[in-house]
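A.B. asks: after the sequence you'll find the predicted model.
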Amino acid sequence: AQSVAQPEDQVNVAEGNPLTVKCTYSVSGNPYLFWYVQYPNRGLQFLLKYITGDNLVKGSYGFEAEFNKSQTSFHLKKPSALVSDSALYFCAVRVILTGGGNKLTFGTGTQLKVEL
Amino acid sequence: NAGVTQTPKFQVLKTGQSMTLQCAQDMNHEYMSWYRQDPGMGLRLIHYSVGAGITDQGEVPNGYNVSRSTTEDFPLRLLSAAPSQTSVYFCASSPDSGVSLTDTQYFGPGTRLTVL
């Protein structure tokens, strides 16, 4: 089965420090990977995606993600964290359904807490 | 563009009641889907539609019904609500018809449903 895993339930980082939110994937074929962020009582907002090409993907709000095929990872990063980055982050992979559609298979989420 | 809109934002039902969660998008997207979000489980696909008049089941379709009479609207019906359906429901849309795995899915703000 195609899946993603987020090994950390919570990540704590001080404001101004770099942050990393980890994601590993298990996919047969080409992986199409996404990162979303969810602020409290809000919907999911798209941050970035990896389709093909450059292994370093840049996204919204200063976030970027590094695709590593040998380690089957797609970690989310930001050089300097802000308190306002505190939120729930989801990694996801797009998979084909037998009925002809597709879906996002999500990880369980990582709560990021940025403190002063 | 309003993007993906959902109503209501909150709803409390009694066991056995029925209701419809509304979802609309103004981006002329072909692909729409419904997910439910439960703690520690990420998001799971309920139903999806690759275009007007076409719907199919996702991972957890039991107890839910959908229809897609227009491109813009994709309502989710709870036929006889059960406490196990207490969850946060998200509608999503993307431009592709379901075959492409590279398009971004955009999410609505969610409906928080409690079934007593």
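C.D. replies: Yep, it's here. Numbering: from 1, shown residues only, chains lettered A, B, ... in the order given.

A.B. asks: can you tell me how far A:F106 is from chain B?
C.D. replies: Distance, A:F106 to chain B, by C-beta to the nearest C-beta, to the nearest Å: 4 Å. In short, each C-beta sits where N, CA and C put it, glycine included.

A.B. asks: can you give me the strands for chain A?
C.D. replies: With DSSP state E, the ranges of strands along chain A come out as A:3-5, A:10-14, A:19-21, A:24-26, A:33-38, A:44-50, A:56-58, A:64-68, A:73-78, A:87-96, A:102-106, A:110-115.

A.B. asks: now the ones you listed in TSV, with mean pLDDT and mean neighbour count?
C.D. replies: Supplementary listing: these in TSV, determined by pLDDT from 0 to 100; neighbours: other C-beta atoms under 10 Å in any protein chain shown:
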stretch	mean pLDDT	mean neighbour count
strand A:3-5	93	17
strand A:10-14	97	14
strand A:19-21	98	20
strand A:24-26	96	18
strand A:33-38	95	23
strand A:44-50	93	20
strand A:56-58	95	14
strand A:64-68	96	18
strand A:73-78	98	20
strand A:87-96	91	22
strand A:102-106	86	24
strand A:110-115	96	17
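
A.B. asks: turn those into CSV, columns for distance to B:S94.
C.D. replies: Formatted as CSV, the entries for the strands of chain A read as follows, by distance: least, C-beta to C-beta, whole Å:
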stretch, distance to B:S94
strand A:3-5, 18
strand A:10-14, 28
strand A:19-21, 23
strand A:24-26, 20
strand A:33-38, 11
strand A:44-50, 10
strand A:56-58, 18
strand A:64-68, 19
strand A:73-78, 19
strand A:87-96, 9
strand A:102-106, 9
strand A:110-115, 24
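
A.B. asks: out of those strands, which gets nearest to B:T111?
C.D. replies: Taking C-beta to C-beta as the criterion, B:T111 comes closest to strand A:44-50 out of the strands of chain A, the separation being 13.6 Å.
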